[in-house]
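Asker: next come a sequence and a model predicted from it.
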Amino acid sequence: SAVISQKPSRDICQRGTSLTIQCQVDSQVTMMFWYRQQPGQSLTLIATANQGSEATYESGFVIDKFPISRPNLTFSTLTVSNMSPEDSSIYLCSVSGTSGGEVVEQYFGPGTRLTVT
Amino acid sequence: AQSVTQPDIHITVSEGASLELRCNYSYGATPYLFWYVQSPGQGLQLLLKYFSGDTLVQGIKGFEAEFKRSQSSFNLRKPSVHWSDAAEYFCAVGGSNSGYALNFGKGTSLLVTP
């Protein structure tokens, strides 16, 4: 299993500013994922972050708005840039757990609840 | 393209009654299927998952789900609902085609009445 922690757990930010969210995993993982959950909505994949390569962004998400770092196999950051109230969401980090090369689990962090005023 | 449809946005059941939440998926390869539950203000909790093997999957809290490839469905069931089951339920699909990232349905909100 993998235990994921995120910092901060919540924040209230002013529009136009940026916030960097940290995701720490207690084991080495190849793939990490960032999701967004807007109020009352489901989860939407923002990007996939593999160590040693550029993050792959889903349609509707761009690197200038959501830059991602993946410096090693246990850590990643997601920055929400030039925030607006529409960015108010829960941001979740996720990893795939593997056994014998097969994916056997998906683990989610507790989320970062962001409010933009 | 992969997608998940949860046809029911809201469902209301009486405590003690049986429950079935519907989930239909579209996926170009063998899917990995999940059901998650989220209580208000809480994080995601995995109820159960299907990767391969027995198509009837048992999960936590007395939930089960059945994978039906011919119907592209993965419906969640519980024989007797408890008031504490009131929450938002998400079905999700993933697999090697998507790099194991998950595509979530829009969710079904469950209300349990006395």
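Answerer: Cool, got the structure. Numbers count the residues shown, from 1 in each chain, chains lettered A, B, ... in the order given.
Asker: so what's the closest residue to A:G97 other than its chain neighbours up against?
Answerer: Excluding the flanking residues, the one nearest A:G97 by C-beta to C-beta, 6 or more residues apart in numbering or on different chains is A:E105, at 3.6 Å. Every residue, glycine included, has its C-beta placed from N, CA and C. A:E105 makes contact with A:1-2, A:96-97, B:46, B:49, according to C-beta atoms under 8 Å, 6 or more residues apart in numbering or on different chains.
Asker: now do the strands in the chain.
Answerer: I went with chain A, as the question did not name one. A:4-7, A:10-13, A:19-25, A:31-37, A:43-50, A:56-57, A:68-72, A:75-80, A:89-99, A:102-108, A:112-116 (DSSP state E).
Asker: to clarify, I was referring to chain B.
Answerer: Using DSSP E, strands in chain B cover B:3-5, B:10-14, B:19-21, B:24-26, B:32-38, B:44-50, B:56-58, B:64-68, B:73-78, B:87-94, B:103-104, B:108-113.
Asker: is there proximity between the longest one and chain A?
Answerer: Okay, so that is strand B:87-94. Yes: counting by C-beta under 8 Å from any C-beta of the partner chain, contacts between strand B:87-94 and chain A involve B:90, B:92, B:94.
Asker: each with direction, which strands does that strand pair with?
Answerer: In the sheet, strand B:87-94 lines up against strand B:32-38 (antiparallel), strand B:103-104 (antiparallel), strand B:108-113 (antiparallel) (DSSP bridges).
Asker: what angle sits between it and strand A:89-99?
Answerer: 50 degrees (axes from the mean of the first three to the mean of the last three C-alpha atoms, to 10 degrees).
Asker: and strand B:87-94, which residues are buried?
Answerer: B:87-94 (16 or more other C-beta atoms under 10 Å in any protein chain shown).
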